[in-house]
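Enquirer: sequence and predicted model, in that order:
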Amino acid sequence: MPIVNRIAEFSEDMKTWRRHLHRTPELGLDCHRTAAFVATQLRAFGVDEVHEGLATSGVVGILRGQGPGPVTGLRADMDALPMQEETGVDWASEIPDRMHACGHDGHTAMLLGAARYLAETRAFSGTVALIFQPAEETIGGGRIMVEEGMMERFDIEEVYALHTDPLAALGEFRTTPGPIMAAVDDFEIVVTGKGGHAAYPHKCLDPIPCALAIGQALQTIVSRNAAPQQRIVVSLTQMHGGSAMNIIPEVVRLAGTVRTFDPDLRALAESRLRVIAEGQAQSYGVRARVAYHHSYPPTVNHADQTGFAVDVARGVGTSVVDDLAPELGAEDFSYMLNARPGAFLFLGQGHGPSVHHPKFDFNDEAAPYGASFFARLIETRQPLAHRLHSP
């Protein structure tokens, strides 16, 4: 059961949709232009209901099959990133400092392709909820849609999603049961002393030595507090302070991120970070204020649904990896998987620049694989009644 023939026939249309979206990227919850395009296409395909305005600019299309059955959610994200594109392609972003550098334009095109096929054929029972969400890269549009009651409103029982992977071969599906992507937390540490003339440090309380000590000590969370076999990253990514060569600053600001999979380890990391910052500040005679923000939870695949998705992928993809090592990136599809059982998979698009790189571009040759996967998943999970009873 390779790429669906009908989907292959309109692969050029998916390419056209995708490149149109690539030219006009939108950020965060402000995906109104993209959402309008999605809604227009869904209505043209004959999708039964098109609901707009979820999580500000999200769209859910409801597609009914032939006869009663379960409701399965298929999700694509729509937002882009605030960065300047350097691909040089004819369909490059027309908006400065915005680009689809994570493949969300491709995700949207794949789900639109599946929607078109499923609307034409209706070779399934039950219902499909086609979920197009904003703000995956920022505040978690998936979280907002769940909190607004999307699962209950549309009676969604299971949810599935794909993400392009530029580090895997074209058409290769990669996933694993259990944790597949990490929880993400962000922190800011503001160290405050007493500024003054750099020629008279004894008359100041210099925050810089303390900030340096905090930065060094944060690495002991990984090396001395977490067990060696546990997966955790603590990255100090910013340090700001000072304005001139001869001035000791009043304030130094540090910031960074923590990535974990285990809730207890997540709590340990926050606790140790606070103790380290405040303890170092006390030893240097300055003050440290810690702001710690819990963002996306870990993305955890459900075993039964992952096994089912792997079986579907084997019939569509060029190859399947079903024991992928968990990645330290994060995904707000985690909120949907916390609300309903389901699975998250990566789809290889052939090796090239990584996501979040200014030269990244979604490979349109991957779209038929993704659309076929979504279509076959629905037809396999929700077969027509006469198929259930056929010999």
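Expert: Now that the structure is in, tell me what you want to look at.
Enquirer: now do the strands in the stretch 151-300 of the chain.
Expert: Secondary structure of the stretch 151-300 of the chain, counting by DSSP state E, counting those that start in this stretch: strands at 158-165, 172-174, 178-181, 183-192, 196-197, 232-241, 247-248, 251-260, 287-294, 299-301.
Enquirer: for these, give me JSON lines that also has mean neighbour count.
Expert: Every residue, glycine included, has its C-beta placed from N, CA and C. Formatted as JSON lines, the strands of the stretch 151-300 of the chain follow (neighbours: other C-beta atoms under 10 Å):
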{"stretch": "strand 158-165", "mean neighbour count": "26"}
{"stretch": "strand 172-174", "mean neighbour count": "24"}
{"stretch": "strand 178-181", "mean neighbour count": "21"}
{"stretch": "strand 183-192", "mean neighbour count": "21"}
{"stretch": "strand 196-197", "mean neighbour count": "14"}
{"stretch": "strand 232-241", "mean neighbour count": "16"}
{"stretch": "strand 247-248", "mean neighbour count": "18"}
{"stretch": "strand 251-260", "mean neighbour count": "21"}
{"stretch": "strand 287-294", "mean neighbour count": "15"}
{"stretch": "strand 299-301", "mean neighbour count": "24"}
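Enquirer: work out which residue lies at the spatial centre of this protein.
Expert: With distances taken as C-alpha atoms, centre = their mean, residue 331 lies nearest the centre of the chain, 3.2 Å away.
Enquirer: still on that earlier bit, any chance of the strands of the stretch 151-300 of the chain in a markdown table, with mean pLDDT and distance to residue 135 too?
Expert: Formatted as a markdown table, the strands of the stretch 151-300 of the chain follow (pLDDT from 0 to 100; distance: least, C-beta to C-beta, whole Å):
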| stretch | mean pLDDT | distance to residue 135 |
| --- | --- | --- |
| strand 158-165 | 98 | 15 |
| strand 172-174 | 98 | 25 |
| strand 178-181 | 98 | 17 |
| strand 183-192 | 98 | 14 |
| strand 196-197 | 98 | 44 |
| strand 232-241 | 97 | 22 |
| strand 247-248 | 98 | 40 |
| strand 251-260 | 98 | 18 |
| strand 287-294 | 98 | 16 |
| strand 299-301 | 98 | 16 |
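Enquirer: which one of those lies closest to residue 324?
Expert: Closest approach to residue 324 among the strands of the stretch 151-300 of the chain (C-beta to C-beta): strand 172-174, 4.7 Å.
Enquirer: strand partners of the closest one, parallel vs antiparallel please.
Expert: Strand pairing for strand 172-174, using DSSP bridges, gives strand 319-321 (parallel), strand 342-348 (antiparallel).
Enquirer: that's a strand at the residue nearest to the centre of the chain, yeah?
Expert: No: counting by DSSP: H, G, I helix; E, B strand; the rest coil, residue 331 is not part of a strand but coil.
Enquirer: which ones are touching it?
Expert: Residues near residue 331 by C-beta atoms under 8 Å, 6 or more residues apart in numbering: 136, 163, 181, 296, 299, 344.
Enquirer: now the fourth one: how far from residue 356?
Expert: Residue 296 is 16 Å from residue 356, where distance means C-beta to C-beta, to the nearest Å.
Enquirer: more crowded one of the two?
Expert: More crowded of residue 296 and residue 356, by other C-beta atoms under 10 Å: residue 296, with 22 against 13.
Enquirer: for that one, give me phi and psi.
Expert: For residue 296, the backbone dihedrals are phi -60, psi 140 (criterion: degrees, to the nearest 10).
Enquirer: residues touching it, list them.
Expert: Residues in contact with residue 296, defined by C-beta under 8 Å, 6+ apart, are 140, 143, 183, 184, 330, 331, 332, 334, 335.
Enquirer: so the first one sits against residue 295, correct?
Expert: Yes: when contacts are counted by C-beta atoms under 8 Å, residue 140 is listed as touching residue 295 (7.4 Å).
Enquirer: more neighbours, those two?
Expert: A count of neighbours by other C-beta under 10 Å puts residue 140 above the other of residue 140 and residue 295, at 25 against 17.
Enquirer: all set, thanks.
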